[in-house]
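Chemist: Sequence isn't available, so here's the structure alone:
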């Protein structure tokens with residue numbers, strides 16, 4: 001059985017052969033190229049065979065461990081954010097322009113000293129630092145995740161003093177609350193928790 005790296009290499013070789021074949025036949029038009037590009041992107045995405053979609057691909061594990069140690073966060077929380085943000089696609093770009101594994105907006109990335117948001121080490125270290133800043137600022141995991149997703153200024157503007165108060169927490173948009181729930185679901189699953 002192939003290891004993960006072997007599977008990626010095999011898939012990339014297949015995509016490269018298809019690109020060469022399509023180019024040789026003169027059939028490398030925009031739709032064909034887009035399809036092959038999506039296949040190549042898929043080669044970098046992984047879901048753990050055990051079904052735990054918050055398990056980190058091995059290549060990112062040392063970076064996640066270093067980020068967790070540097071900023072005093074749980075590795076499982078960092079993995080949950082990455083899974084939710086990009087499904088471990090280091091080349092992901094959102095419609096809003098957020099980039100990389102932890103989907104950093106260019107302005108945020110620049111403020112954190114990132115020179116290449118698609119570099120996994122820079123992205124994970126900066127994203128973890130930014131998440132830690134939100135935890136320190138809001139003192140509540142749900143509010144910190146909301147701030148990570150929609151921006152700390154916006155979360156502050158809602159004037160939520162108690163995230164456990166449903167009436168206050170529901171001041172956040174449904175989309176932001178859904179994002180927080182998704183991260184917490186990945187986080188709980190990776191830790192065997194049913195609640196946080």
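Modeler: That came in fine, so what should we check first? Small disclaimer: the values here were computed from a predicted structure and weren't measured. Residues are numbered from 1 along each chain as shown.
Chemist: any idea which helix or strand carries the residue nearest to residue 170 when sequence neighbours are not counted?
Modeler: In this structure, residue 170 finds its nearest non-sequential neighbour in residue 177, 7.4 Å apart by C-beta to C-beta, 6 or more residues apart in numbering. Every C-beta, even on glycine, is put in place using the N, C-alpha and C of the backbone. Under the criterion of DSSP states H and E, residue 177 resides in helix 174-191.
Chemist: Look up how far residue 85 lies from the residue nearest to residue 170.
Modeler: Separation of residue 177 from residue 85 (C-beta to C-beta, to the nearest Å): 16 Å.
Chemist: likewise residue 74?
Modeler: According to C-beta to C-beta, residue 74 and residue 85 sit 16 Å apart.
Chemist: who touches residue 142 in this structure?
Modeler: 163, 169, 180, 184 (C-beta atoms under 8 Å, 6 or more residues apart in numbering).
Chemist: mind listing the strands for the protein?
Modeler: Using DSSP state E, the chain contains no strands.
Chemist: By mean pLDDT, which helix or strand of the chain comes out lowest?
Modeler: Taking mean pLDDT, DSSP states H and E as the measure, helix 30-43 is the helix or strand of the chain with the lowest mean score, a mean of 53.
Chemist: any weak-confidence spans in this protein?
Modeler: 1-56, 190-196 (pLDDT under 70).
Chemist: care to break it down by domain?
Modeler: Split into domains by automatic domain parsing, the chain comes to 4-43, 58-191.
Chemist: Please work out which of the ones you listed is packed deepest.
Modeler: Ranked by mean neighbour count, these are led by domain 58-191 with a mean of 18 (mean count of other C-beta atoms under 10 Å).
Chemist: who are the neighbours of the helix holding residue 177, in terms of helices and strands?
Modeler: If contacts are counted by 3 or more C-beta pairs under 8 Å, 6 or more residues apart in numbering; DSSP states H and E, helix 174-191 sits against helix 75-86, helix 141-150.
Chemist: thinking again about what came up before, roughly how far apart are the residue nearest to residue 170 and residue 146?
Modeler: For residue 177, the distance to residue 146 - C-beta to C-beta - is 8 Å.
Chemist: Skipping adjacent residues, who's closest to residue 68 in space?
Modeler: residue 75 is the one closest to residue 68 (C-beta to C-beta, 6+ apart), at 4.3 Å.
Chemist: ditto for residue 94
Modeler: residue 103 (5.8 Å).
Chemist: The one you found is in contact with residue 88, isn't it?
Modeler: No. Residue 103 is not in contact with residue 88 according to C-beta atoms under 8 Å; the separation is 11.7 Å.
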